[in-house]
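Q: kindly return the folded structure for what I paste below:
(one chain, ligands or ions: 1)
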Amino acid sequence: MRLYRNVLGLAAALAATLSISGGLVTAAGSPASESLTKLKAGNARFVASPEDALPVDGAKRAALVNGQTPFASILSCADSRLPPEIVFHTGLGDLFVVRAAGNITDKAILASIEYSVEHLNVPLVVVMGHESCGAVAAAVDTPVGQSLGPNLDYLLAAIRPSVKATASRPAGERMRAAILANVEQTLNEMVTGSHLLREFAGKGKVQFVGAYYELASGQVHFSEPVIVAPAGEVHTRGGHN
Ligand SMILES: [Zn+2]
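A: Numbers count the residues shown, from 1 in each chain. Next up is the predicted model:
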């Protein structure tokens with residue numbers, strides 16, 4: 001199964017313009033584009049003024065009793081330092097959030113994302129990794145064959161391909177490379193593992209993008225949008241690295 005390559009690269013390359021080839025999603029003015037713009041604007045508010053109160057109020061809470069229309073789905077690490085609702089400065093009902101250490105995916109996570117796309121019409125799915133991810137570090141540091149218990153072994157096994165793929169990187173950039181590769185891997189698994197998501201992507205109803213969160217600055221860097229080929233292959237235009 002072909003993996004898409006180089007979705008994520010150096011930080012400078014991550015602040016990519018929203019453009020996509022193949023006619024799957026119309027960039028300017030599309031719901032996915034608008035969602036990405038909202039996420040970037042919300043993150044800019046958080047970076048500039050993290051003390052600003054979140055847009056949460058009773059009227060919105062009451063209105064949401066009748067249903068939800070989140071504008072993006074976020075799969076992120078469970079790390080307490082990057083709650084998506086906060087780092088994107090959003091309120092109740094804005095984001096459909098799924099979290100697991102190491103932002104890995106599996107059937108339960110895929111089903112959650114599928115629900116958001118199929119039933120809530122979410123037009124943008126973001127997989128967000130982050131600086132100094134403990135789950136990726138554990139996968140890097142734990143020798144293959146050493147067990148940390150069945151559940152953690154399962155988690156680390158999901159991350160190991162990215163660790164292996166970046167093993168030759170210089171020590172100073174290894175962790176970051178592994179974290180970015182892990183985001184890429186999750187995106188790939190998400191698309192290849194879900195017929196429903198491929199179908200919706202093919203119809204231009206959903207778009208996928210990778211992201212990387214910096215702890216100190218609070219800034220989120222986004223990758224180029226993922227291009228989903230009909231066969232389930234996913235590509236991006238203009239790779240980095
Ligand atoms: Zn993490």
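Q: quick check, the helix ranked longest in the chain touching the ion?
A: Assignment by DSSP state H gives helix 171-192 as the longest helix of the chain. No - Helix 171-192 lies out of reach of the ion by Cβ under 5 Å from the ion, never closer than 8.1 Å. For every residue, glycine as well, the C-beta is placed using N, CA and C.
Q: residue numbers of the protein in contact with the ion?
A: Counting by Cβ under 5 Å from the ion, the residues of the chain near the ion are 77, 79, 133, 135.
Q: run the last query once more with 6 Å
A: 77, 79, 101-102, 130, 133-135 (Cβ under 6 Å from the ion).
Q: picking up where we left off before, in the longest helix of the chain, what's buried?
A: Residues of helix 171-192 classed as buried: 175-192 (neighbour count, 16 or more other Cβ atoms under 10 Å).
Q: quick check: buried residues in the next helix or strand after it?
A: Remark: after helix 171-192, the chain's next helix or strand is helix 195-202, criterion DSSP states H and E. For helix 195-202, a neighbour-count test (16+ other Cβ under 10 Å) marks 197-198, 200-201 as buried.
Q: and the helix or strand where Tyr212 lies with helix 171-192, angle?
A: Per DSSP H and E: Tyr212 is located in strand 207-213. Strand 207-213 and helix 171-192 are oriented at 160 degrees to each other (axes from the mean of the first three to the mean of the last three Cα atoms, to 10 degrees).
Q: which elements pack onto the helix or strand following strand 207-213?
A: As assigned by DSSP H and E, the chain's next helix or strand after strand 207-213 is strand 220-228. Judged by 3 or more Cβ pairs under 8 Å, 6 or more residues apart in numbering; DSSP states H and E, the packing partners of strand 220-228 are helix 11-14, helix 31-48, helix 171-192, helix 195-202, strand 207-213, strand 234-235.
Q: as CSV, these with mean pLDDT and distance to Ser147 would be great.
A: Shown next, in CSV, are the helices and strands packed on strand 220-228 (pLDDT from 0 to 100; distance: least, Cβ to Cβ, whole Å):
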stretch, mean pLDDT, distance to Ser147
helix 11-14, 35, 35
helix 31-48, 97, 38
helix 171-192, 95, 21
helix 195-202, 95, 33
strand 207-213, 97, 30
strand 234-235, 54, 32
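Q: closest one to Pro123 among the ones you listed?
A: Nearest to Pro123 among the helices and strands packed on strand 220-228 is helix 31-48 (3.6 Å), distances taken as Cβ to Cβ.
Q: follow-up on the earlier one: which other helices and strands contact the strand holding Tyr212?
A: Counting by 3+ Cβ pairs under 8 Å, 6+ apart, strand 207-213 packs on helix 11-14, strand 124-130, helix 171-192, helix 195-202, strand 220-228.
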